[in-house]
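Trainee: No sequence on hand, only this structure:
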């Protein structure tokens, strides 16, 4: 069990949780480390309508909806797969785009007991994306 919460949103031993992240980032920002940043960025564009430009001097910052995903070249860090839950307007359409972009299906779109319509794919670099939208 982790530290107990303190009044004001902090927790014992974790005072830095109150610091704001850099502009454009959230408190938790995923980072994908792959062997081919350009190809990963193109997959994100095709599957999730991501925006962002390649950055040769640091991590490439791709925007998916209101979120930022950092994409880095495997060099100092070894490539390793990520597992991301991505909310989209239409899970079936995004699933179809991901498949056309080279993903492998892990789960066809289906309704979940917690109210999301969700599918799951693995991209060519081993990253897994659960693609969902709330069922109205």
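Mentor: Ah, there it is. Everything numeric in this text was worked out from a predicted model, so none of it was measured.

Trainee: From residue 25, how far off is the nearest residue to residue 102 once chain neighbours are set aside?
Mentor: Distances taken as CB to CB, 6 or more residues apart in numbering put residue 124 closest to residue 102, at 5.0 Å, once the chain neighbours are dropped. Where you see a C-beta, it was placed from the backbone N, CA and C, and this is true even at glycine. Residue 124 is 27 Å from residue 25, where distance means CB to CB, to the nearest Å.

Trainee: Report the contact partners of residue 24.
Mentor: 61, 68 (CB atoms under 8 Å, 6 or more residues apart in numbering).

Trainee: correction: residue 123
Mentor: Contacts of residue 123 (CB under 8 Å, 6+ apart): 40, 43, 47, 98, 101, 102, 103, 129.

Trainee: Can you report how many residues lie near the closest residue to residue 51 other than its chain neighbours?
Mentor: Excluding the flanking residues, the one nearest residue 51 by CB to CB, 6+ apart is residue 63, at 4.8 Å. Around residue 63 there are 15 other residues, counting by other CB atoms under 10 Å.

Trainee: pretty sure residue 63 contacts residue 48?
Mentor: No: assessed by CB atoms under 8 Å, residue 63 is found out of contact with residue 48, at 9.5 Å.

Trainee: residue ranges for the strands of the protein, please.
Mentor: 31-34, 60-64, 67-73, 83-87, 104-111, 116-122, 128-134 (DSSP state E).

Trainee: Any buried residues in the fifth one, and which?
Mentor: Of the residues in strand 104-111, those with enough neighbours to count as buried (16 or more other CB atoms under 10 Å) are residue 109.

Trainee: cool, the shortest one as well?
Mentor: For strand 31-34, a neighbour-count test (16+ other CB under 10 Å) marks 32, 33, 34 as buried.

Trainee: hang on, the earlier thing: the residue nearest to residue 102 and residue 47 touch, don't they?
Mentor: No: when contacts are counted by CB under 8 Å, residue 124 is not listed as touching residue 47 (11.2 Å).

Trainee: Compare the two and say which is more crowded by neighbours.
Mentor: residue 47 (25 against 14).

Trainee: Which other helices and strands does the helix ranked longest in the chain contact?
Mentor: Longest helix of the chain, by residue count under DSSP state H: helix 37-48. Where contact means 3 or more CB pairs under 8 Å, 6 or more residues apart in numbering; DSSP states H and E, helix 37-48 is packed against strand 60-64, strand 67-73, helix 91-100.
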